[in-house]
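Visitor: sequence-free structure coming up:
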């Protein structure tokens, strides 16, 4: 999706696939509304970014404003996994299993430089996975080391917008292409 | 402890093994504990580490000294500034650089602010571990004020990377003094509230008093440092015994208890917040004028030899050991991290207690997992 097209909330209709029938789009609208306003993240934090994630849930920044405050400890109850912190080779199979255990629809947010490219551990380290997208499909990337709470909130809002543009058809396509 | 377990367990249940983690909210990160149970009582705990092993020590061998500093932030991220300081002090010791007074005071002030925010997070998460959600909101609300102070001066909220060999990166922000005073004033007012919520709470007492006692002899044998060690009466404060930066010119008490149970490990941290505030109040009004850094050579080469520097982080004693072969890259860097040593005592502490007490004991030792694994 081009950057220009992802300008504001009003332009979202342009992104929808043309030619969908009226009934399906209405159902999609209702489903997406529900999904995007109750994203339940998994309490998954490996390092520093996890503390900023906690701080986002704390009084000043307040995750709860956007309906994401319900942190779930079990992947089976979670909708979105915020990969907060470095993933090393020993942790990689565990992360994959956590992702597989989540029920559809599931989303992945890569938070912090470590999960995007390996960050400060990109060079010289023998044990860091250079980018979490080598293991699981990522929907939103949030740069920073660690990202500010505002950045995490922005990233999560982008995820909400992503959900808003999805249709049954596009979800099917996405799942097929994300056969990891 | 083993005798206690034997006494209580009379039924004929078989040993039962459960696996806690690596993804579990009360392990504060990615730690895996293999727990053997008999009934509800813990027989043995085997911690598995390495789920966040990033090979920082090995990476240091291919990075220059100013670059190493930025990796140490990511070890114990809650005492990021103190970790930086340890490497800087080791490098400065090796080069025999004279550090201006202003730098020493700035580093001490920042270290104590770091300690306060770390203990606030401990307070918040320990309360949450034991079922008090309010603590989470109170603790993190006040922690945000410290982070704002950091952000204004250093540009980083938690991972500050403020130190460099020879001083600090930039001068203090003009607002620094005002903001710190505001924070201290606010925090003195809210600390009694903390006591009302958790320290004097009957349920909290029931969960922590007498749980996981650690005698002084064993604390020394296991090398338990920091507030956890001092709760057992082990006088191990590096700030007191081997003062670095500006700790030799401030008056503060080393918080010592003799009981050594979970409650006193918690109490030692709360009392340390008060001591840290005292230190800050002594220094904040007399920050000496002068340069904020000494001009160093663009390429820092340490003379051949071995250098060791220890500092007191929020969790205990951090030692930095550098072997140099006279090159711009170190030959070997070893970190003696407090959490790794503190983890060794976990199995000893939890034997004979119930599975729910495992969380109380684990939380009271205040682990940061990347500091264990490095």
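Guide: Perfect, I can see it now. Since the model is a prediction, treat every value here as computed from it, not as a measurement.
Visitor: what's the distance between the closest residue to chain B within chain A and residue B:138?
Guide: Residue nearest to chain B within chain A: residue A:58 (3.3 Å; Cβ to the nearest Cβ). Backbone N, C-alpha and C define where each C-beta goes, glycine included. Applying Cβ to Cβ, to the nearest Å, the value for residue A:58 to residue B:138 is 10 Å.
Visitor: cool, and residue B:60?
Guide: Applying Cβ to Cβ, the value for residue B:60 to residue B:138 is 38 Å.
Visitor: Looking at the two, which one has more neighbours?
Guide: residue B:60 (25 against 21; other Cβ atoms under 10 Å in any protein chain shown).
Visitor: Against residue A:80, how distant is the residue nearest to the spatial centre of chain A?
Guide: By Cα atoms, centre = their mean, chain A has its centre lying nearest to residue A:109, at 2.7 Å. Residue A:109 sits 6 Å away from residue A:80, taking Cβ to Cβ as the criterion.
Visitor: what is in contact with these two at once?
Guide: Residues touching both residue A:109 and residue A:80 (Cβ atoms under 8 Å, 6 or more residues apart in numbering or on different chains) are A:156, A:159.
Visitor: ok, and the closest non-adjacent residue to residue 70?
Guide: Looking at chain A here, since you left the chain open. residue A:40 (4.7 Å; Cβ to Cβ, 6 or more residues apart in numbering or on different chains).
Visitor: hmm, I had chain B in mind actually
Guide: Nearest one to residue B:70, counting by Cβ to Cβ, 6+ apart, is residue B:161 at 5.3 Å.
Visitor: tell me which element the one you found falls in.
Guide: Of the helices and strands defined by DSSP states H and E, none includes residue B:161.
Visitor: Also residue A:176?
Guide: helix A:168-177.
Visitor: which helices and strands does that helix pack with?
Guide: Other helices and strands packing on helix A:168-177, by 3 or more Cβ pairs under 8 Å, 6 or more residues apart in numbering or on different chains; DSSP states H and E, are helix A:22-37.
Visitor: Name the surrounding residues that touch the helix it packs on.
Guide: By Cβ under 8 Å, 6+ apart, helix A:22-37 touches A:16, A:20, A:66-67, A:79, A:105, A:159-161, A:163-164, A:166-168.
Visitor: Widest-spaced pair of the residues you listed?
Guide: By the measure Cβ to Cβ, A:20 and A:66 form the most distant pair in the contacts of helix A:22-37, at 27.0 Å.
Visitor: if I look at the residue lying closest to residue B:326 once chain neighbours are set aside, how far off is residue A:124?
Guide: Excluding its sequence neighbours, the residue lying closest to residue B:326 (Cβ to Cβ, 6+ apart) is residue B:304, at 4.3 Å. Residue B:304 sits 23 Å away from residue A:124, going by Cβ to Cβ.
Visitor: again with residue A:134
Guide: Distance of residue A:134 to residue A:124, computed by Cβ to Cβ: 18 Å.
Visitor: more crowded one of the two?
Guide: residue A:124 (17 against 12).
Visitor: what about that one, distance to residue B:333?
Guide: From residue A:124 to residue B:333 the distance is 13 Å (Cβ to Cβ).
Visitor: Repeat that for residue A:74.
Guide: From residue A:74 to residue B:333 the distance is 40 Å (Cβ to Cβ).
Visitor: Which one's more surrounded, the two?
Guide: Under the criterion of other Cβ under 10 Å, the comparison of residue A:74 against residue B:333 puts residue B:333 first, with 24 against 13.
Visitor: picking that back up, now do the host helix or strand of the residue nearest to the centre of chain A and helix A:22-37, the angle between them.
Guide: Using DSSP H and E, residue A:109 maps to strand A:107-111. For strand A:107-111 against helix A:22-37, the angle by axes from the mean of the first three to the mean of the last three Cα atoms, to 10 degrees is 40 degrees.
Visitor: Quick check: residues of the stretch 1-150 of chain B near chain A?
Guide: The stretch 1-150 of chain B comes close to chain A at residues B:22-25, B:29-30, B:50-55, B:58-59, B:62-63, B:70-71, B:73-74, B:77-78, B:121, B:125, B:136-137, B:140-141, B:143-144, B:147, as judged by Cβ under 8 Å from any Cβ of the partner chain.
Visitor: Mind checking which of the residues you listed are in helices?
Guide: B:58-59, B:70-71, B:121, B:125, B:136-137, B:140-141, B:143-144, B:147 (DSSP state H).
Visitor: any idea which of these is the one closest to chain A?
Guide: Using Cβ to the nearest Cβ, residue B:140 comes nearest to chain A of those, at 3.3 Å.
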